[in-house]
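*Asks:* Just the structure for this:
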Amino acid sequence: MSTKVKFGVSTWLWTSPFTTETIELFPKIKSMGYDAVEIPVEYPENINGKKVMEALQLHRLKAIVCGAFGPTRDLTSDDPAVHENCFDYIIQCFDLCNQWDAKFLAGPMYSAVGKARMVSPEQRKVEWARAVTNVLKVCNKAHERGLEIALEPLNRFESDLINTAEDVMRLIKDINHSAAKVLLDGFHMAIEERDLEKAITSVGDKLIHVQVSENYRGTPGTGQTQWDAFKRGLAKINYQGVVSIESFTPEIKELAGAVCIWKNLAPSQDAFASEGIAYLKELFND
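*Replies:* The predicted structure follows:
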């Protein structure tokens, strides 16, 4: 797998939200050996797409664009106005994808992050149908722009709709559109999947992006994740995309509170990024 997998890192490891000024991280990210930078678009209005594009080109970094989906961007909401707000936001993200030559928008765009409730089977069916209907609309909008979407399962504490590879494949089957693809995140998988390798192979060629951190959100290689199983799964499906480290800094209180990170997970965020890529390169390039 040595030449197939590329390596990326999310700017969330250092800061939030991403703004035009965040491009100051790009030289450091490149110098650590990364091929790609994952850009979480929380507030599109705070991002000058042209300046970011120039910085990506200058530092020879590929952009991975990730969406942020809170209660005001919930495609399963009872309020159609919330759906429209989400569509508007997604189109802004698509515009940035096109500007930065990113081929897809990634994230759990089927619902709001943190929407984890005990609801009736009837309500679950209603929300599932809304997700199918509205994500299909998103797929059509993506297709018009030459893009795809990468749908991300979240663990049970962050979503009550899509938690596993099996769940997301059922959603994709119901959506039935060529633009609907998958992002798998090793952190969520460590909580939800019985078998990492099987989960990856069950998604197969629908997998277009991979995020990783340890089971405790820390530096890859320092926890309980079964990395050999992860590697075997990716090898079996001949995965050739980016494997991207995604974790968060406890210094940004709003973000840290949202993802329940109460303490430092590494000696420094720079150490997290540099030691993480060293481990991943050794894992995949042996």
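*Asks:* was I right about residue 90 contacting residue 104?
*Replies:* No: using Cβ atoms under 8 Å, residue 90 is not in contact with residue 104; the gap is 12.0 Å. In short, each C-beta sits where N, CA and C put it, glycine included.
*Asks:* which of those two has more neighbours?
*Replies:* Ranked by neighbour count (other Cβ atoms under 10 Å), residue 90 and residue 104 place residue 90 first, with 26 against 20.
*Asks:* mind checking how far the spatially closest residue to the more buried one that is not a sequence neighbour is from residue 151?
*Replies:* Of all residues not flanking residue 90 in the chain, residue 138 sits nearest, at 5.8 Å (Cβ to Cβ, 6 or more residues apart in numbering). To residue 151, residue 138 is 10 Å away according to Cβ to Cβ, to the nearest Å.
*Asks:* can you check residue 218 too?
*Replies:* 25 Å.
*Asks:* Neighbour count: those two, which is higher?
*Replies:* Per other Cβ under 10 Å, whichever of residue 218 and residue 151 has more neighbours is residue 151, with 27 against 19.
*Asks:* Look up the closest residue to residue 89, ignoring the ones flanking it.
*Replies:* Residue 89's closest residue in space is residue 73 (Cβ to Cβ, 6+ apart), at 5.4 Å.
*Asks:* pLDDT score for the one you found?
*Replies:* pLDDT for residue 73: 98.
*Asks:* Would you mind confirming that it makes contact with residue 81?
*Replies:* No: if you go by Cβ under 8 Å, residue 73 and residue 81 don't touch, sitting 11.6 Å apart.
*Asks:* So for the two, which residue has more residues nearby?
*Replies:* Comparing residue 73 with residue 81 by other Cβ under 10 Å, the one with more neighbours is residue 73, at 22 against 9.
*Asks:* residues contacting the more buried one?
*Replies:* The contact partners of residue 73, by Cβ atoms under 8 Å, 6 or more residues apart in numbering, come to 67, 82, 85-86, 89, 109, 112.
*Asks:* Now the residue nearest to residue 72 when sequence neighbours are not counted: phi and psi?
*Replies:* Using Cβ to Cβ, 6+ apart and skipping the chain neighbours, the partner closest in space to residue 72 is residue 85 (5.8 Å). Per-residue torsions, residue 85: phi -60, psi -40 (degrees, to the nearest 10).
*Asks:* Can you give me the distance of residue 85 to residue 210?
*Replies:* Relative to residue 210, residue 85 is positioned 29 Å away (Cβ to Cβ).
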